[in-house]
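Q: need the 3D shape of this:
(2 chains)
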Amino acid sequence: MRTILFLLQKEFIQIFRNRIMLPVIFIVPLVQLVVLVFAATLEMKNIEVVVVDKDLSDVSRRMIGKFEGSPFFKIKDFTFSVSEAEDFLRANEADMVLHIPQGFERELNRENRAKVQILLDAVNATTAGLANAYASNVLRDFNEQILVERVGVLGGRIEQVRIRYSFWYNPDLNYKIFMLPGILVILVTMIGMILTAINLVREKELGTAEQINVTPIRKYQFIIGKLVPFWIIALFELCFGLFVGKILFDLPMVGSLALLFLFASLYLLLVMSIGLFLSAISDSQIQVMFLVFFFFITFVLMAGIFTPVESMPDWAIKVNTINPLAYFIRVMRMILLKGSGFSDITREFYTLGIYAAVMLLLATWRYRKAA
Amino acid sequence: MNRKKTVIRVRDMVKKFGDFTANDRLSFEVYEGEIFGFLGANGAGKTTALRILCGLSLPTSGEISVAGYNVYSDREKIKKRIGYMSQKFSLYEDLKVYENIRLYAGIYGLSRKYIRERTDHLLETLGLEGVRNKLIAELPLGWRQKLAFSVAVFHQPSIVFLDEPTGGVDPITRRQFWDLIYRASQDGITVFVTTHYMDEAEYCDRVCIMEAGRIEAIGTPGELKGKYAAKNMDEVFIKIAR
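A: Coordinates of the predicted model:
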C-alpha cells in the first residue's frame, strides 16, 4: 500500500508538471463540446434547391411556395431545363432539384394524379436521405391540402389515418442533446485509453521501466500506480464535461448521476486496461499510438455515436458486443435522457464488469518484469 | 579469500537469443564486500550476464544464486537486496532530485522521516545541497550518475550492480565516482561493475574478462598482470583479445 502511495505521488507530480496536461484537461473538453456538438449535428437546414418549373401554373407555384415556406429548404435558382439544373448538382452548388413537368396542373385536374421529379446529390447519403424525407413531407402536406380543397368542395369526408408524432425523451428532436453524451464518451475514452497507453510506453522508451523492474515493486502495484491517476482525471473530465453541457446546452440529466459515474468508473477501468495491454505489447510511443488509434477510431465509428447502430449490418452489430464505447454511449443516453435506473442497465453493467476484469488480467499478465 | 562468504554463485550459466549464444557456460563467484569488475569489449556479453543476475532477464540454463536466492524462483526476494544502475538509465528527468530519492527509497519500504533525514545527509556528502529542488533534466551527466549511484545504494542493498556507470563521463568525475564506489564497498556493499575502461579495472579487487560470450580470465589485477606479463590491465586486455 505504501509503495502504491509513493508511485501515485510520482505519477501525479509528473502529470501536472507536464506543460501539455492542464490544457488537455481543461481546453480540449471545452473545444470538443462547443465545436463538435455543433459540427456533428445531423440536423439539416437550408437544403439548396434548384427549381425547374415547366408548368408555370397556379398549382406548381403553390407547390414551390410550400418548399419556400419550409425551414429546411432554400430556393437557390430557377431554370427551365433539367440538364441546366443538373449542372448545379454537379458543381456542388445545389443539394436538390425539384422538377415540375409540363402539364402538371392539367393532369392533376383531369386524372387526379400528377408526378414531380426530385433529383438529389447523394454523395453524402445521410444528407440525401434527410432531404428526401423532408421533401416527401412537404409533398404529402401539399397533397393533403389539395385533397381537402377538392374533396371538401364536394362535401366528402376524408377520414384517413393520420399519423401524429410524439418524440419521447427528446421532444424537440434536438440533435445537440443527442450528440453531447457521445462527445463526452469520446472525450473520456481519449483520456483513459490514449494517455494511459502513452504513459507506460514512455517509461519503456526512457529506460526507467527497467529501473522499476529491478526494484521489488509488484506488478499489481505498478499497474495500479499507472491506472489510478488517469482514472481520476478522466472522471473529473466527465464531471467537467457534464457541467459544461448543462451550462451551454441545458443537457437534461433525468437519471441518477451517481449511477452514471458508477458505470463510467467501470467503463474507464476497461478502456484503460485495453490501453495498458496495448502498451505492454509495444516498444515505442509511435507503435502504441498506431495501435491505440486503430482501436479508438474503429470503436468510435461503430459505437453509434454518429450513426445509429440499428442501421448497421448484422455482423457490425455483433462486432459491437466487444466495443466498449457502444455500451457506454447507450447507457449514457439511457441514464441522461431517459432516466433509466440500475435495473435497466444491469446487462450492460455486468458485461462491462466481466470484460474489464478480463482485460485487466490480460494487461497484468502481458506486462513482464523479466524477458 | 576462500574464507570469505560467497554472495553471487554462478555455475555454467548459458543465455541464448535464438541461435546466438550471448553467455556460454559462465562460472564464477563473487565474495561479500569486494569490488568485482566485469570487463570485455562491446558485445562480449557483460550486460547480458548482469541483467540475468539482477532478475531482468531469465537464463537459458545454469545454476545461479544471488544473495542466497535462486534466480529462477526467487527473483522478487533478490530484488529487495540489490541495487541497480545502468548507463542508459537515469533518474526520472521530470522529477526533482529529492523527489527521485524519495520515490526509490519509498519503493524499498523506508519511512518518509528516515528518507528526509538521509536525503539531507546524502546531498551534503555529495556537495549537491544546492540542487535539491532542481529537475534531473537540468543537471550535467556526471552529477546525474553520482546521484543515480547514491540512489541505487540508498536502501543499503547487499549487492549493487553497475552497468557501465561511467560511460561518457569526464575523468575527474570518474575519479569522484570511484570514490563513491569505495565508500559503498567499505560500508559492506558488494559491488558488481561492468566497464570497458581498463584504468577502472585497476581499482577492482578482482576482475573477470569476457570475450565473445566466454570468460577468458579471472583474478586480481595483480595476478592477471603477472600471468600475462603485462605492465597494466590495458596490456592484459589486449593480449587476451588477441
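
Q: now the helix or strand containing residue B:224: buried residues?
A: Per DSSP states H and E: residue B:224 is located in helix B:221-227. Applying a neighbour-count criterion of 16 or more other Cβ atoms under 10 Å in any protein chain shown, the buried positions in helix B:221-227 are B:221, B:224, B:225. The way it works is simple: take the backbone N, C-alpha and C, and place the C-beta from them, glycine included.

Q: burial count for residue 182?
A: All of this is about chain A. 22 (other Cβ atoms under 10 Å in any protein chain shown).

Q: to clarify, I was referring to chain B.
A: 12.

Q: element containing it?
A: Judged by DSSP H and E, residue B:182 forms part of helix B:171-186.

Q: could you list the buried residues of that helix?
A: B:173, B:174, B:176, B:177, B:178, B:180, B:181, B:184, B:185.

Q: what strands flank the helix or strand that that helix is followed by, and is each parallel or antiparallel?
A: Next in sequence after helix B:171-186, counting helices and strands by DSSP H and E, comes strand B:190-195. Taking DSSP bridges as the criterion, strand B:190-195 sits next to strand B:35-40 (parallel), strand B:159-163 (parallel) in its sheet.

Q: as a whole number, average confidence for strand B:190-195?
A: Across strand B:190-195, pLDDT averages out at 93.

Q: closest to chain A out of the buried residues of helix B:171-186?
A: Nearest to chain A among these: residue B:184, at 16.8 Å, using Cβ to the nearest Cβ.

Q: now that closest one: how far from residue A:322?
A: The gap separating residue B:184 from residue A:322 is 53 Å, by Cβ to Cβ, to the nearest Å.

Q: got it, and residue A:216?
A: 36 Å.

Q: the two: which has the busier surroundings?
A: residue A:216 (19 against 11).

Q: dump the residue contacts of the more buried one.
A: B:76, B:79, B:80, B:107, B:108 (Cβ atoms under 8 Å, 6 or more residues apart in numbering or on different chains).

Q: now do the SS call for it.
A: Here residue A:216 is coil, with the state taken from DSSP: H, G, I helix; E, B strand; the rest coil.

Q: for residue A:118, same thing?
A: strand.

Q: dump the residue contacts of it.
A: A:96, A:97, A:98, A:99, A:132, A:135 are the contacts of residue A:118 under Cβ under 8 Å, 6+ apart.

Q: repeat for residue B:113
A: So residue B:113 contacts nothing (Cβ under 8 Å, 6+ apart).

Q: give the buried residues for the lengthiest helix in chain A.
A: Using DSSP state H, we find that the single longest helix of chain A is helix A:219-249. Going by neighbour count (16+ other Cβ under 10 Å), the buried part of helix A:219-249 is A:221-231, A:233-235, A:237-238, A:240-242, A:244-245, A:249.

Q: which of the contacts of residue A:118 sit farthest apart?
A: A:99 and A:132 (14.4 Å; Cβ to Cβ).

Q: which one's more surrounded, these two?
A: Just comparing residue A:99 and residue A:132: by other Cβ under 10 Å the higher neighbour count belongs to residue A:99, 18 against 15.

Q: assumed the more buried one was part of a helix.
A: No. Going by three-state DSSP, the assignment for residue A:99 is strand, not a helix.

Q: SS state for residue B:9?
A: strand.

Q: check the gap between it and chain A for me.
A: Here residue B:9 is placed at a distance of 20 Å from chain A (Cβ to the nearest Cβ, to the nearest Å).

Q: returning to what we had before: let me have the contacts of residue A:118 in CSV, adding distance to residue A:268 as columns.
A: CSV is the format used below for the contacts of residue A:118 (distance: Cβ to Cβ, whole Å):
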residue, distance to residue A:268
A:96, 44
A:97, 49
A:98, 50
A:99, 54
A:132, 41
A:135, 44
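
Q: spatially nearest residue to residue A:223 (excluding sequence neighbours)?
A: Taking Cβ to Cβ, 6 or more residues apart in numbering or on different chains, and ignoring the residues beside it in sequence, residue A:223 has residue A:364 as its nearest neighbour in space, at 5.5 Å.

Q: ok, the one you found touching residue A:224?
A: No. Residue A:364 is not in contact with residue A:224 according to Cβ atoms under 8 Å; the separation is 10.0 Å.

Q: number of residues surrounding whichever residue of chain B sits closest to chain A?
A: Nearest residue of chain B to chain A: residue B:106, at 3.4 Å (Cβ to the nearest Cβ). By other Cβ under 10 Å, the residues close to residue B:106 number 20.

Q: for it, list the residues it contacts.
A: A:2, A:3, A:5, A:6, B:112, B:115.

Q: and the fifth one, how many neighbours does it have?
A: Right, the one you point to is residue B:112. Neighbours around residue B:112, by other Cβ under 10 Å: 13.

Q: residue contacts, it?
A: B:102, B:106.

Q: can you list the weak-confidence ranges in the chain?
A: If you meant another chain, say so; for now it's chain A. Scanning chain A for pLDDT under 70 picks out the ranges A:40-45, A:151-174, A:369-371.

Q: not what I meant, chain B
A: Looking at chain B by pLDDT under 70, you get B:1-3, B:89.

Q: now do the helices in it.
A: So, for chain B - with DSSP H - the helices run B:46-54, B:75-81, B:97-107, B:112-126, B:141-152, B:171-186, B:198-201, B:221-227, B:233-241.

Q: what's the most buried one of the ones you listed?
A: helix B:46-54 (a mean of 24; mean count of other Cβ atoms under 10 Å in any protein chain shown).

Q: measure residue A:123 to residue A:90 for me?
A: For residue A:123, the distance to residue A:90 - Cβ to Cβ - is 11 Å.

Q: checking residue A:326 next. Helix, strand or coil?
A: Looking at residue A:326 with three-state DSSP, the answer is helix.

Q: what's around it, how many residues?
A: Neighbour tally, residue A:326, other Cβ under 10 Å: 21.

Q: residue A:176 too?
A: Residues near residue A:176, counting by other Cβ under 10 Å: 20.

Q: that one belongs to a helix?
A: Yes. Under three-state DSSP, residue A:176 falls within a helix.

Q: that one contacts residue A:37, doesn't it?
A: Yes. Using Cβ under 8 Å, residue A:176 makes contact with residue A:37 at a distance of 5.2 Å.

Q: identify the contacts common to those two.
A: residue A:249.

Q: middle-most residue in the chain, spatially?
A: Assuming you mean chain A. Chain A has residue A:305 as the residue nearest its centroid, 2.5 Å off, counting by Cα atoms, centre = their mean.

Q: oops, chain B please
A: residue B:162 (2.1 Å).

Q: residues in contact with that one?
A: B:85, B:86, B:149, B:152, B:181, B:191, B:192, B:193, B:194.

Q: understood, closing this out.
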